[in-house]
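Undergrad: One predicted model, sequence on top.
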Amino acid sequence: MAFDRKLKYGMVGGGPGAFIGGVHRMVAALDQKIELVAGAFSSSPEKSRQQGAELLLDPKRVYGTFQEMAEKEAGLPDGERIDFVSIVTPNHMHFAPAKAFLEAGFHVVCDKPMTTTVEEAEELCRLVGKHQAVFALTHNYTGYPLVKQARDFLRDGRLGRIRKVVVEYPQGWLSTPLDAEGMKQAEWRTDPARAGVSSCMGDLGSHAENLARYITGLEIEELCADMTTFVPGRRLEDDANVLIHYKGGARGILYASQISPGEENNLRIRVYGEAGALEWHQENPNYLHVRYLDRPSEVYTRGSGYLGEAAKAFTRIPTGHPEGYLEAFANIYRAAGNTMVARITGGKPAALDLDFPTVQDGAVGVSFIHKTVESGRKGGWVKAAYTPPA
């Protein structure tokens, strides 16, 4: 069965003044195979209508609530209704719309962290299985070509048995009390009612954990976290340091910070094996550094013909041209979209089209956040092994 149209999607969140909603709209459109046709862009119906008008959408498909959108879109004919929903709200509003749209028969793309509780995450896992839905979580850093190359190096055993993983994600933008001064993005990220149990680990540490797990394939066995709130009056932590024991014996260090002046988006990972090491840096993402015990170091560049199949498949422009955040983000949408098309047409998705973070990845991430908070409160090591529902 041929698929001769664009995928249609609706958005929950991403209203006036929102940052990440605009990013999702840009990256979803990058391949020109996905179009935004509906939305419930705000908890305020007026703001939702305002955003819909700015995006030139049909007013009939701009809704006052996500519940209304799920119900009315489900009643439209195939090919006219949305194929999936993109959820770009603050953390506390991920679960309810995801559940509603899964139960209404739609696929889901959701921003991270997937939910604020493990119980909600596990319920989404069960719903995805029950409805045979595609669920993509936008851990966008997994979409970089050289991240995929790093993963393939470790899968091939080229660096030997992994001994140590060091992953860091410092930013400096919350070094001052922007949250107390009315900045929207800072306000909700430091509000327990909207962000959940964590700010820094939920916002940044979850990306670092996911990146380390994606590249290495290692699962955490236990961890010890030091969580600190440096800015007076802030209700959630703004700095975190975690020691990790992985299954199989590898050791890890993960730190995330929102109060490191001069740091912009300095996500970086180093993996050390018995025979060599690799390093990837998000702010300079087109290079992968590989170092060996017994021969010269190597630098792999994005877009080069010697890279592996996955790195080549997710590269969009020729070598030498900068390729970064938006393209990596778009790779999540492209892979998930291709998988949706296969589901809709009764086909089988290609292996590389399944290369995106899933609902199970989301559940692992939520468990990790809660385990770091538990450890921080306890002041010691906690068991952190976790297997999400299939």
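TA: Now that the structure is in, tell me what you want to look at.
Undergrad: rest of the way, CA atoms for contacts and neighbours
TA: Noted.
Undergrad: Which pLDDT value does the model give the most centrally placed residue in the chain?
TA: Residue closest to the mean C-alpha point of the chain, counted by C-alpha atoms, centre = their mean, is residue 139 at 1.8 Å. At residue 139, the model reports a pLDDT of 98.
Undergrad: Quick check: it vs residue 363, distance?
TA: Using C-alpha to C-alpha, to the nearest Å, residue 139 is found at 13 Å from residue 363.
Undergrad: before we move on, what about residue 317?
TA: 33 Å.
Undergrad: Of these two, which one has the most company?
TA: residue 363 (26 against 12; other C-alpha atoms under 10 Å).
Undergrad: How far off centre is stretch 127-135?
TA: 18 Å (C-alpha atoms, centre = their mean, to the nearest Å).
Undergrad: can you list the residues that contact that stretch?
TA: Residues from elsewhere that reach stretch 127-135, judged by C-alpha atoms under 8 Å, 6 or more residues apart in numbering: 99, 102-103, 105-110, 336, 339-340, 358-359, 390.
Undergrad: Now, of those residues, which are buried?
TA: 99, 102-103, 105-110, 336, 339-340, 358-359 (16 or more other C-alpha atoms under 10 Å).
Undergrad: show me where the stretch 1-150 of the chain has strands.
TA: Remark: strands assigned in the stretch 1-150 of the chain by DSSP state E, counting those that start in this stretch are 7-13, 34-40, 84-88, 107-110, 135-137.
Undergrad: How about the contacts made by residue 115?
TA: 91, 92, 93, 94, 95, 121, 362, 366.
Undergrad: Compute the distance between the last one and residue 71, please.
TA: Meaning residue 366. From residue 366 to residue 71 the distance is 28 Å (C-alpha to C-alpha).
Undergrad: Likewise for the third one?
TA: Distance of residue 93 to residue 71, computed by C-alpha to C-alpha: 18 Å.
Undergrad: The two: which is more packed in?
TA: Applying other C-alpha under 10 Å to residue 93 and residue 71 shows that residue 93 carries more neighbours, namely 18 against 13.
Undergrad: Just list the residues touching that one, thanks.
TA: Counting by C-alpha under 8 Å, 6+ apart, residue 93 has contacts 115, 194.
Undergrad: Might you list the low-confidence residue ranges for the stretch 101-250 of the chain?
TA: For the stretch 101-250 of the chain, no stretch is flagged by pLDDT under 70.
Undergrad: Helices of that one, start to end?
TA: 118-131, 145-155, 184-189, 192-195, 200, 206-216 (DSSP state H, counting those that start in this stretch).
Undergrad: Quick one, which of the ones you listed gets closest to residue 37.
TA: helix 118-131 (23.1 Å; C-alpha to C-alpha).
Undergrad: Quick check: can you list the domain ranges of the chain?
TA: 7-141+330-357, 143-317+364-383 (automatic domain parsing).
Undergrad: Out of these, which is closest to residue 324?
TA: domain 143-317+364-383 (6.7 Å).
Undergrad: contacting residues around residue 85?
TA: 9, 10, 11, 12, 101, 106, 107, 108, 109.
Undergrad: ugh, typo on my part, it should be residue 22
TA: Neighbours of residue 22 in contact, by C-alpha under 8 Å, 6+ apart: residue 14.
Undergrad: Also residue 117?
TA: Residue 117 neighbours (C-alpha under 8 Å, 6+ apart): 196, 366, 367, 370.
Undergrad: Give me the packing partners of whichever strand or helix holds the second one, helices and strands only.
TA: With elements delineated by DSSP states H and E, residue 366 resides in helix 359-378, which encompasses its position. If contacts are counted by 3 or more C-alpha pairs under 8 Å, 6 or more residues apart in numbering; DSSP states H and E, helix 359-378 sits against helix 118-131, strand 135-137, helix 206-216, strand 220-228, strand 381-383.
Undergrad: Among these, show me which one is buried the most.
TA: strand 135-137 (a mean of 27; mean count of other C-alpha atoms under 10 Å).
Undergrad: Distance from the chain centre to it, please.
TA: In terms of C-alpha atoms, centre = their mean, the centre of strand 135-137 is found 8 Å from the chain centre.
Undergrad: Tell me the pLDDT of residue 337.
TA: 98.
Undergrad: and if you look at the one 10 residues further on?
TA: Listed pLDDT for residue 347 reads 95.
Undergrad: try the one 10 residues further on
TA: Here the pLDDT value assigned to residue 357 is 98.
Undergrad: Start and end of stretch 165-184, how far apart?
TA: OK, stretch 165-184 end separation, C-alpha to C-alpha: 34 Å.
Undergrad: Many thanks, we can stop here.
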